[in-house]
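Colleague: Build me a model from this:
(chains A and B)
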Amino acid sequence: MEALSSLHKEAIREFLYKMADDQLILGHRNSEWTGLGPLLEEDIAFSSMAQDKLGHALALYTILHEHLGEKDPDTIAFTRNERELRCCHLVEYPIGGYDFSLTRHFLFDTAEHLRFEMLAGSAFEPLAQVARKIKGEIKYHVLHAQTWMKQLGSATEESKARMQSALNETMPLALGIFEASPFEAELAEHNIFAGEHELRNRWLEVIAPTVADAGLVLPDIDALTPAYGGRQGYHTEYLQPLLTEMTEVFRIDPTVEW
Amino acid sequence: MPIISLDPRVTRLEIPEEQGLEPIQPNEYFETYEVFHQAKSGDKHIHVGSVHAPSAEMAFLFAKEQYGRRSKSYNIWIVRSSDITSIMSEDADIFATAPEKTYREAGGYKVREKINAFRKQHGSTQQSS
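Modeller: As a prediction, the model looks like this:
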């Protein structure tokens, strides 16, 4: 691969950090369901997918370490402060009820699936390789999410109402996934990534029929205010407590060999 | 001896099927589904256990993680337990004498000596071991 120019490098660095941070934080959030899931089998499935997310974060932090001169993955994951993280607000929210967590999982993982599908052809080869490797895993995540949406969207009056309410609550947060970076043009020009706007359009095309299939109503997108700020380091009140808890053991002795 | 459904209401609660089992109402009770795991293309699907779920699709989601996440997997079949026909375990004695009937298997015949004698008699130089 050609040597990366400094602007080029900065663009990729920013891009990798936001994707990896989303995975790390949502992986941690979803793992909070371990032992509390609504059914034993679902508890195992949801925990397993949360673990997958940490694996995705690790793969992306490893690229940052090996190709962009960033510190090792553990240091990146556990020692940055809140303002240095680039995750979107959607992944920061507490797990809430299972309706909220499932809907978030559906909206986020559908976007993730499409994002990595786009990245499988990226000109930045290390990223393209990761995207191709994890695409099967994410395919199951989307199947899981869609099947649950359909199940609860059509089961009982209560389940339908709760899923609709969760969808209304999560949509503005989910739109925050697609907050534009200062490097959109740079990434597109170098065929690294076609852009958040393009991804958002593809995402809407996929979620609209699934939501309709589930018997739910997609809120009017144009009337919503997307929850932006996460990509610039401005976060919700929920992120810092999560970081404090997540890094608690690491901070006891950051040099220890695991 | 009865031929019975693998429906847990029959096998575990011992409700006679002739009483006419009510269809299970979706969203009221989960059904049980049997899981058959295939390790690689062309392999047999092997019964590995069961899951409770409100639909076959949901059963697949659960079975994939229960039975497919730790070993090599290629496919999984999901079958509603009540769609499987079986016998009661107390009737397993219908198979009791099967291992004794070796004359039903090719290996049950000792013919090698006869073949060798035949070849010798007819001048064949090929000895079979």
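Colleague: got the buried residues for the longest helix anywhere in chain B?
Modeller: Longest helix in chain B, counting residues (DSSP state H): helix B:56-68. By 16 or more other C-beta atoms under 10 Å in any protein chain shown, the buried positions in helix B:56-68 come out as B:M58, B:A59, B:F60, B:L61, B:F62, B:A63, B:K64, B:E65, B:Q66, B:Y67, B:G68. Just so you know, the C-beta spots here come from the backbone N, C-alpha and C atoms, and that holds for glycine as well.
Colleague: Can you tell me what sits against that helix?
Modeller: For helix B:56-68, the surrounding residues in contact (C-beta atoms under 8 Å, 6 or more residues apart in numbering or on different chains) are A:39, A:41-42, A:44-45, A:48, A:140, A:143-144, A:147-148, A:150-151, B:33, B:35, B:37, B:48-49, B:51-53, B:73, B:76, B:78, B:80.
Colleague: Filter the residues you listed down to the ones in helices?
Modeller: A:E41, A:E42, A:I44, A:A45, A:S48, A:Y140, A:L143, A:H144, A:T147, A:W148, A:K150, A:Q151.
Colleague: Counting neighbours, what do you get for the closest residue to chain B within chain A?
Modeller: Evaluated by C-beta to the nearest C-beta, chain A has A:E41 as its residue closest to chain B, separated by 3.6 Å. A count of nearby residues for A:E41, using other C-beta atoms under 10 Å in any protein chain shown, gives 20.
Colleague: Setting the sequence-adjacent residues aside, check what's closest to it.
Modeller: Among residues not flanking A:E41 along the chain, B:F62 sits closest, at 3.6 Å (C-beta to C-beta, 6 or more residues apart in numbering or on different chains).
Colleague: Quick check: nearest residue in space to A:S31, chain neighbours excluded?
Modeller: Excluding its sequence neighbours, the residue lying closest to A:S31 (C-beta to C-beta, 6+ apart) is A:A50, at 4.1 Å.
Colleague: so what does whichever strand or helix holds that neighbour touch, helix or strand wise?
Modeller: Using DSSP states H and E, A:A50 maps to helix A:40-68. Judged by 3 or more C-beta pairs under 8 Å, 6 or more residues apart in numbering or on different chains; DSSP states H and E, the packing partners of helix A:40-68 are helix A:6-31, helix A:73-79, helix A:98-119, helix A:125-154, strand B:46-53, helix B:56-68.
Colleague: Lowest pLDDT pick from the ones in helices among the contacts of helix B:56-68?
Modeller: Across the ones in helices among the contacts of helix B:56-68, the bottom pLDDT score, 91, is held by A:E41.
Colleague: Please give me every residue in contact with it.
Modeller: A:E41 touches B:V51, B:H52, B:A53, B:F62, B:E65, B:Q66, counting by C-beta under 8 Å, 6+ apart.
Colleague: In stretch A:68-88, which residues are buried?
Modeller: Those would be A:E70, A:P73, A:I76, A:A77, A:F78, A:R80, A:L85, A:R86, A:C87, A:C88, for stretch A:68-88 by 16+ other C-beta under 10 Å.
Colleague: Could you provide those residues in CSV, with additional columns for distance to chain B?
Modeller: Formatted as CSV, these follow (distance: C-beta to the nearest C-beta, whole Å):
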residue, distance to chain B
A:E70, 31
A:P73, 23
A:I76, 27
A:A77, 24
A:F78, 27
A:R80, 31
A:L85, 29
A:R86, 30
A:C87, 26
A:C88, 26
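Colleague: for those, which one is nearest A:E198?
Modeller: A:C88 (17.1 Å; C-beta to C-beta).
Colleague: Columns distance to A:F183 on top of the helices and strands packed on helix A:40-68, output as JSON lines?
Modeller: Compiled in JSON lines, these are given as follows (distance: least, C-beta to C-beta, whole Å):
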{"stretch": "helix A:6-31", "distance to A:F183": "4"}
{"stretch": "helix A:73-79", "distance to A:F183": "19"}
{"stretch": "helix A:98-119", "distance to A:F183": "15"}
{"stretch": "helix A:125-154", "distance to A:F183": "14"}
{"stretch": "strand B:46-53", "distance to A:F183": "45"}
{"stretch": "helix B:56-68", "distance to A:F183": "37"}
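Colleague: of all the ones you listed, which lies closest to B:A117?
Modeller: strand B:46-53 (44.0 Å).
Colleague: for B:K72, phi and psi?
Modeller: phi -60, psi 130 (degrees, to the nearest 10).
Colleague: Next up, the contacts around it.
Modeller: B:K72 touches B:A39, B:K40, counting by C-beta under 8 Å, 6+ apart.
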